[in-house]
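[1] Predicted structure and sequence below. I'll ask about it afterward.
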Amino acid sequence: MSIRVGYFPHNNSLFVLRHRGILERLLPEVEWVDLRGLPQAERVDPKTGLPGEHSDWLFAKGGYDIIGTGFTPPLTALANQRDIVYLGISSPRVENGRLVATAASGITSAADLKGKRVGIAHGSWQTTLLLFALDQVGLTWADVEPVDVDVRGGGALLTGDLDAWVGTYPGLRETEAATELTTLVDTASVFSHPSLWFTRRDLAEHNRPVIEAVFAALQESDAWIIANPRAAAQYFVDDALSRGVPADLDAWEAALRGRPFGVHPVSAEFLDEQQRAADLLAANGLLPRTVDVRSAVLPWIGEVVTETAAAAV
């Protein structure tokens, strides 16, 4: 069968796999879907959680069969009644980014963010990080002004257009070099922030060989990234430059060296974090309903992930 795999640079594993030709050896009919190019139809509004004027390429109808994302998108999918199942997760990526302000701003903790403009990539893991951070200090989503920004959020922080920003590497490295930053919340203090992969339930239930092939390819490609971080970084630099976006090879190599690779079964701890996030997102009006995340687990998939990991070693 033909399989459509959604990819974009923020999921480093799938982005590199797209360029390696490994999956094509196992599944001859692979269609790679660049999520950045899908029609924009369902982007949620940061304040209401309802469809807004921007779109959500992650869930464009018919766009892909399998995808890798950060922490929040599968919760959005479940809450919008899409019948998905979790496939696997990475190890924690707590060094990938954090919530920061400039030292000159005088903002020293999440408690200081009431009424402030906070830059995030809304709908991504950054939404969950900010929500967890606010909840820890007794604030809600309504207490801040979320600003949907892309990787250039660091520039907006420096000009004062943002009061705080969830920065990620390699972009955060440029901001660190430009000014002194205060860490308001480090990711490790609020959640584990893994990459994760998911698919449609019907595909998983009726096409186990496809799931096995995708994980075998991911494990092999991730092992290559670990052994060749600079060569892997070149894929991201070439992509950015092709779009007219400046990119630094050293910064990308450092970012990849600091991230975990390899796919693991979903764990009870991960599912607990997902459930807490789903409940908070719904309570703050960012999801139309809460969900039972454990309904999206097929136990045999964890066995496949474990087997392919062992084979890769």
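    That came in fine, so what should we check first?
[2] C-alpha from now on. contacts and neighbour counts both.
    Will do.
[3] Pull out the buried residues from the least confident helix or strand in the chain by mean pLDDT.
    Least confident helix or strand of the chain, by mean pLDDT, DSSP states H and E, is helix 299-312 with a mean of 85. In terms of neighbour count (16 or more other C-alpha atoms under 10 Å), helix 299-312 has its buried residues at Ile301, Gly302, Val304, Val305, Thr308, Ala309, Ala312.
[4] Low-confidence ranges, the chain, go.
    By pLDDT under 70, the low-scoring segments of the chain are 38-63, 151, 313.
[5] any idea where the strands of it begin and end?
    3-7, 30-34, 66-69, 84-89, 97-102, 117-120, 145-148, 164-168, 181-186, 196-200 (DSSP state E).
[6] Can you get me the start-to-end distance on stretch 93-112?
    Stretch 93-112 has an end-to-end distance of 26 Å (C-alpha to C-alpha, to the nearest Å).
[7] can you list contacts of it?
    The contact list for stretch 93-112 (C-alpha atoms under 8 Å, 6 or more residues apart in numbering) reads 113, 130, 133-134, 137-139, 157-158, 163-169, 172, 179-188, 191-195, 255, 258-260.
[8] Please apply the same query to stretch 182-196.
    By C-alpha under 8 Å, 6+ apart, the surrounding residues in contact with stretch 182-196 are 11, 68-71, 86-95, 97-103, 107-110, 125, 129, 132-133, 270, 273.
[9] Leaving out chain neighbours, which residue sits closest to Phe261?
    Using C-alpha to C-alpha, 6 or more residues apart in numbering and skipping the chain neighbours, the partner closest in space to Phe261 is Asp222 (5.5 Å).
[10] Stretch 70-80: which residues count as buried?
    Result for stretch 70-80 [16+ other C-alpha under 10 Å]: buried residues Gly70, Phe71, Thr72, Pro73, Pro74, Leu75, Thr76, Leu78, Ala79.
[11] With stretch 80-93 instead?
    For stretch 80-93, by 16+ other C-alpha under 10 Å, it's Ile84, Val85, Tyr86, Leu87, Gly88, Ile89, Ser90, Ser91, Pro92, Arg93.
[12] Also stretch 289-301?
    Arg289, Thr290, Val291, Val293, Ala296, Val297, Leu298, Ile301.
[13] Return the distance of the residue nearest to Phe261 relative to Phe198.
    17 Å.
[14] for Asn96, same thing?
    In this view, Asn96 and Phe198 are 21 Å apart by C-alpha to C-alpha.
[15] same check, this time on Thr168
    23 Å.
[16] Tell me which of those two has more neighbours.
    Set Thr168 next to Phe198 and count neighbours by other C-alpha atoms under 10 Å: Phe198 wins out with 21 against 18.
[17] Ile89 is in contact with that one, correct?
    No - if you go by C-alpha atoms under 8 Å, Phe198 and Ile89 don't touch, sitting 9.3 Å apart.
[18] right, and the strands of the chain - which one's nearest Pro246?
    Taking C-alpha to C-alpha, strand 164-168 is the member of the strands of the chain nearest to Pro246, at 15.8 Å.
[19] quick one: strands adjacent to that closest one?
    If you go by DSSP bridges, strand 164-168 pairs up with strand 97-102 (antiparallel), strand 117-120 (parallel).
[20] Output it as CSV, nothing but the C-alphas.
    Extracted C-alpha coordinates of strand 164-168, given in CSV (Å, rounded to 0.1, in the frame of the first residue of the first chain):
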residue,chain,number,x,y,z
ALA,A,164,8.7,36.5,27.4
TRP,A,165,9.2,33.8,24.9
VAL,A,166,9.4,30.0,24.7
GLY,A,167,12.7,29.7,22.8
THR,A,168,14.1,26.6,21.2
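[21] Look up the closest residue to Ile67, ignoring the ones flanking it.
    Gly6 (4.9 Å).
[22] just Val100 next, same as before
    Closest to Val100 by C-alpha to C-alpha, 6+ apart is Thr183, at 4.6 Å.
[23] Please tell me how far His206 sits from Thr168.
    Using C-alpha to C-alpha, His206 is found at 37 Å from Thr168.
[24] what does Gln136 give?
    With C-alpha to C-alpha as the criterion, Gln136 and Thr168 are 21 Å apart.
[25] Show me what the top helix by length along the chain is packed up against.
    Among the segments of the chain that qualify as a helix by DSSP state H, the longest is helix 208-227. Packing partners of helix 208-227 (3 or more C-alpha pairs under 8 Å, 6 or more residues apart in numbering; DSSP states H and E): helix 12-20, helix 22-26, helix 299-312.
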